[in-house]
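> give me a 3D structure for the following:
(2 chains)
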2 protein chains.
Amino acid sequence: MALVHHPVVDKNGQTIAAAVTSLDLHDIARAAKTYGVNAFYVVTPLEDQQELVRQIIDHWVTGVGAEYNPDRKAALALIRMKASLEEALAEIQAAAGARPQVVVTSARMDKSDLSHAALRGLVRGKEPVVLVFGTAWGLAPQALEQADFRLAPIAGAGEYNHLSVRSAVSIILDRALGADRLV
Amino acid sequence: MALVHHPVVDKNGQTIAAAVTSLDLHDIARAAKTYGVNAFYVVTPLEDQQELVRQIIDHWVTGVGAEYNPDRKAALALIRMKASLEEALAEIQAAAGARPQVVVTSARMDKSDLSHAALRGLVRGKEPVVLVFGTAWGLAPQALEQADFRLAPIAGAGEYNHLSVRSAVSIILDRALGADRLV
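This is a model prediction of the structure:
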């Protein structure tokens, strides 16, 4: 999976590079580890933000945090920092032997073409799959258009759908990979 | 639903009163609003922590934050602050005319007696239901024992299960209340 900080949109729909949030990395790495995700790509082109990601990894994976909390270490060890989604795709291709199917997510997806049930099938197929989430107000239109699949937005109980990216990742991983979700 | 900061346990199993985290309130209120939860009880006996909850509500529900982000206002308006879970239960009973069925959650539940499918049925019944989550390392044993039901822990893809409370709330609300979770 990948958490993209650029290109995403702000409140007004302008394309921006969002700041990396430490808690996003912690919460999402823990969910990724819980659901057996192979790697968690944190994508940001900004060098100071890359440095922040490195510091978090250093502290929790190889530094004093690793001894204090081994469970956190196991989760944050899934993080791979990349400057672009393309770099992440290239690494997955090199490791898996095939270019991954790119599934993008957004709460404001105008034209989705993948249901959550279909995603559950897709991740159990032979092809590598990468689930892509955007920070801020979500992935920019060009990122949505270029993907192989556009996942249907999460429908809650009504019109309101303003989940944090941390919540959205957790729910989508559970729907796609949760072993006990139907019992 | 309720987010309990006391009695919960720390890393070593000692009963403590945990600090209120602003981001817990934001993420969980947004998930609660998305899934149509009636009220989000934030339970803490500590007066300084109650003051923090009041400040968050003041800013986002009645203050400048409400105008800046109406979606956030709609979510945080679900928060009801209480000093104890018992106070929350009394308020639900007064509003609903019956004492709620208390469902407690924990990643370390030794003896669960409610499946996620059964919870989905329970919340669609006539009785009011309150879902209770613990902060820190989870609800204290006495809180688990006194409840009407103990929800099965979320099973991910393997042994690892160290979700944040924000993730666990999101997943459990989706399993219990998500309209599109099977499609």
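> from now on I want contacts and neighbour counts done on CA atoms only, so please keep to that.
Will do.
> show residues contacting the helix or strand bottoming out on mean pLDDT in chain A.
Here the helix or strand of chain A ranked lowest by mean pLDDT, DSSP states H and E is helix A:64-68, holding a mean of 85. Residues from elsewhere that reach helix A:64-68, judged by C-alpha atoms under 8 Å, 6 or more residues apart in numbering or on different chains: A:59, A:60, A:72, A:73.
> closest to chain B out of the residues you listed?
Of all the contacts of helix A:64-68, chain B sits closest to residue A:72, with 8.2 Å by C-alpha to the nearest C-alpha.
> my guess is that closest one meets residue A:60, correct?
Yes: at 6.8 Å, residue A:72 counts as touching residue A:60 under the criterion of C-alpha atoms under 8 Å.
> with neighbour numbers in mind, choose between the two.
The neighbour count for residue A:72 versus residue A:60, taken as other C-alpha atoms under 10 Å in any protein chain shown, is higher for residue A:60 (23 against 20).
> before we move on, the earlier item: taking the contacts of helix A:64-68 one by one, which sit in helices?
A:72, A:73 (DSSP state H).
> CSV for the contacts of helix A:64-68, including pLDDT and distance to residue A:94?
Output for those, formatted as CSV (pLDDT from 0 to 100; distance: C-alpha to C-alpha, whole Å):
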residue, pLDDT, distance to residue A:94
A:59, 93, 28
A:60, 93, 27
A:72, 91, 27
A:73, 94, 25
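> quick one: whichever strand in chain A runs longest to chain centroid distance?
Ordering each strand of chain A by length in residues (DSSP state E) puts strand A:129-134 first. Taking C-alpha atoms, centre = their mean, to the nearest Å, the mean C-alpha location of strand A:129-134 is offset from the chain mean by 5 Å.
> which strands and helices sit next to it?
Contact partners of strand A:129-134 among helices and strands, from 3 or more C-alpha pairs under 8 Å, 6 or more residues apart in numbering or on different chains; DSSP states H and E: strand A:2-4, strand A:101-104, helix A:165-177.
> show the average pLDDT along it.
For strand A:129-134, mean pLDDT is 98.
> what angle do helix A:165-177 and it make with each other?
Calculated by axes from the mean of the first three to the mean of the last three C-alpha atoms, to 10 degrees, strand A:129-134 forms an angle of 160 degrees with helix A:165-177.
> picking up where we left off before, farthest-separated two in the contacts of helix A:64-68?
Using C-alpha to C-alpha, the contacts of helix A:64-68 span at most 10.5 Å, a distance reached by A:59 and A:72.
> quick revisit: list the buried residues in the next helix or strand along the chain from the longest strand of chain A.
The helix or strand immediately downstream of strand A:129-134 is helix A:141-146, counting by DSSP states H and E. Buried residues in helix A:141-146, counted by 16 or more other C-alpha atoms under 10 Å in any protein chain shown: A:141, A:143, A:144.
> after helix A:141-146, next one along is what?
Next along from helix A:141-146, by DSSP H and E: strand A:149-150.
> near chain B at all, that following strand?
No: using C-alpha under 8 Å from any C-alpha of the partner chain, strand A:149-150 never reaches chain B; the gap is at least 14.9 Å.
> quick check, distance from that strand to the centre of its chain.
The answer for strand A:149-150 is 14 Å, by C-alpha atoms, centre = their mean.
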